[in-house]
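[1] coords please:
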Amino acid sequence: MGLFRRPEMPTPPAEPGLWSRGFGFVATRSLQTLIVLALVAVAVFVITQLSLVFIPVTIALILASAIHPVVSLMRRRGVPSILATWIALIGIIAVLGGIVWIIVLTVRSQWDDLVDSATDGITQVTAWLDTLPFDFGAIDLDDVWASAGDFLTSASFGQGALAGVSATASFFTGLALMIVVLFFFLKDGPRIWEFLLRPFTGESYARARRVGDKTVDVFGGYIRGTSIVAAADALGIGIGLAILQIPLAVPLAVIVFLTAFIPLVGATAAGILAALVALVTHGPVAALIVVGIVVLVNQLEGNFLQPVVMARSLKLHALVILLALTAGTILGGIVGAVLSVPLAAVAWGIITVWDGPHTPARPFRKKRPETV
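    Numbers count the residues shown, from 1 in each chain. Now for the predicted structure:
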């Protein structure tokens, strides 16, 4: 019978459905895109409404990631876990408090000299403006001071002062929350993460572990690398300001260190501030020298130090960094600008380990040579 069996005909391929071709495919992808954008918008809205919680927790996570190797080293050397946690926490608070104390002490000690130098500098600038072929006579300084006095006694200034008091209260509330959360992250960080991973099993659990490890690695490497780069910037610019005998050299160097945590624009903005102080106190020649020092330090940092220190922790294109800075500044102001780049770096780091320790998510895998 097998000799006379009719050969089986191959089954024709199924016709593609209505929603998998033409405008149906476009409509499906558009709907998926809109759903993703809606979820992102909801997440951003929730974060902005809960910024008093989100920002301290994020800062605590970043600091805990940066100091985690030190805590782990102390525990491996036999230091009790609670003692290692307290040592790390007190060390962080001491460093941050010391920075603030140095700024306040130096400003107080040099404030009178700065005011006198500023007054003389403004007089020199005014005299120089009179030599220009432009008419500045229409600007009446008495009217300017009178307008400033009217503003200080107006209701708008009072409302701004109340808003400032509210912002100060929110700052200290967030600071206290950050310290408490940082303590528990340093003490029980791995156990907290394991508790959050209880719903996951198998490959989902392995992926969540990779995501957590990558997040800690990127945050820690970013903060440690940025601290080294910021210290180099502050040291170089601070030495230049001290040689030129610019007032408030130490606070300006500290400001350079702090603003260096805002990539691309932070150190430059602090350098402009230092140049303005030099212009007001020592004249245009000193200001130009300060600008040259800032440019030289930034070039040395960008071409030699940053590629070595930040190569592993920040693998983002400059355009991505700029867009992240812009979005973070719009959503969260200065704090958003500081947090946006490490968050973007973490997001990219998660993508790179999504399907394996060295396997990015499928849409982001390199499929062809991309060099031109």
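[2] show me what whatever helix or strand Thr326 lives in is packed against.
    Secondary structure assigned from DSSP states H and E places Thr326 in helix 318-352. For helix 318-352, the elements it packs on are helix 22-49, helix 51-76, helix 202-243, judged by 3 or more CB pairs under 8 Å, 6 or more residues apart in numbering; DSSP states H and E. The way it works is simple: take the backbone N, C-alpha and C, and place the C-beta from them, glycine included.
[3] do you know which of those lies nearest Val335?
    Closest to Val335 of those, according to CB to CB: helix 51-76, at 5.6 Å.
[4] where does the stretch 1-150 of the chain have low pLDDT?
    Within the stretch 1-150 of the chain, the segments meeting pLDDT under 70 span 1-22, 106-107, 110-150.
[5] out of the helices and strands packed on helix 318-352, which comes closest to Val338?
    helix 51-76 (8.7 Å).
[6] pull out the buried positions in that closest one.
    Within helix 51-76, the residues scored as buried using 16 or more other CB atoms under 10 Å are 51, 54-68, 71, 74.
[7] other SSEs contacting that helix?
    Judged by 3+ CB pairs under 8 Å, 6+ apart, the packing partners of helix 51-76 are helix 81-130, helix 155-196, helix 202-243, helix 318-352.
[8] okay, now Pro357: neighbour count?
    Using other CB atoms under 10 Å, the number of residues around Pro357 comes to 10.
[9] do Ile82 as well
    Ile82, neighbours per other CB under 10 Å, totals 11.
[10] ok, and the closest non-adjacent residue to it?
    Nearest residue to Ile82 in three dimensions, chain neighbours excluded: Lys187, at 6.8 Å (CB to CB, 6 or more residues apart in numbering).
[11] the one you found: what's it in contact with?
    Ser81, Ile82, Thr85 (CB atoms under 8 Å, 6 or more residues apart in numbering).
[12] quick one: Arg198 from Ile192, how far?
    11 Å (CB to CB, to the nearest Å).
[13] before we move on, what about Val36?
    Using CB to CB, Val36 is found at 29 Å from Ile192.
[14] surely Trp193 touches Val211?
    No - Trp193 is beyond contact range of Val211, at 9.8 Å (criterion: CB atoms under 8 Å).
[15] mind checking the helices and strands packed on helix 318-352 for the one nearest to Ala270?
    helix 202-243 (7.7 Å).
[16] what is the closest one packed up against?
    For helix 202-243, the packing partners by 3+ CB pairs under 8 Å, 6+ apart come out as helix 51-76, helix 249-259, helix 266-282, helix 284-300, helix 306-309, helix 318-352.
[17] need those helices in a markdown table with distance to Gly225, can you?
    Shown next, in a markdown table, are the helices and strands packed on helix 202-243 (distance: least, CB to CB, whole Å):
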| stretch | distance to Gly225 |
| --- | --- |
| helix 51-76 | 10 |
| helix 249-259 | 14 |
| helix 266-282 | 14 |
| helix 284-300 | 16 |
| helix 306-309 | 4 |
| helix 318-352 | 11 |
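[18] out of these, which gets nearest to Tyr205?
    So among those, helix 318-352 is nearest, using CB to CB, at 15.4 Å.
[19] gap between the nearest residue to Ile47 once chain neighbours are set aside and Val40?
    Leaving aside its chain neighbours, Ile47 sits nearest to Phe54 (5.0 Å; criterion: CB to CB, 6+ apart). Distance of Phe54 to Val40, computed by CB to CB: 15 Å.
[20] just Thr226 next, same as before
    Thr226 is 27 Å from Val40, by CB to CB.
[21] out of these two, which sits in the busier spot?
    Between Thr226 and Val40, counting by other CB under 10 Å, Thr226 is the more crowded of the two (25 against 10).
[22] just checking, Met178 touches Thr58?
    No - Met178 is beyond contact range of Thr58, at 9.1 Å (criterion: CB under 8 Å).
[23] nearest residue to Ala241 other than its sequence neighbours?
    Careful, residue 241 is Leu and not Ala. Nearest non-adjacent residue to Leu241, counting by CB to CB, 6+ apart: Ala249, 3.8 Å away.
[24] circling back: which of the contacts of Lys187 lies closest to Val297?
    Of all those, Thr85 has the smallest distance to Val297: 36.6 Å, by CB to CB.
[25] pull the contacting residues for that closest one.
    Under the criterion of CB under 8 Å, 6+ apart, the neighbours of Thr85 are Val71, Phe183, Leu186, Lys187.
[26] and the two most separated of those?
    Val71 and Phe183 (11.4 Å).
[27] mind putting the helices and strands packed on helix 51-76 in CSV, distance to Ala278 included?
    Listed next are the helices and strands packed on helix 51-76 as CSV, based on distance: least, CB to CB, whole Å:
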stretch, distance to Ala278
helix 81-130, 9
helix 155-196, 29
helix 202-243, 8
helix 318-352, 24
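[28] looking at these, which is closest to Val295?
    Across these, closest to Val295 is helix 202-243 (CB to CB), at 10.6 Å.
[29] average pLDDT across that closest one?
    On average, the pLDDT along helix 202-243 is 87.
[30] and if you look at stretch 176-183?
    The pLDDT scores in stretch 176-183 average 89.
[31] got the buried residues for that stretch?
    If you call a residue buried by 16+ other CB under 10 Å, then stretch 176-183 has these buried ones: Leu177, Met178, Val181, Leu182, Phe183.
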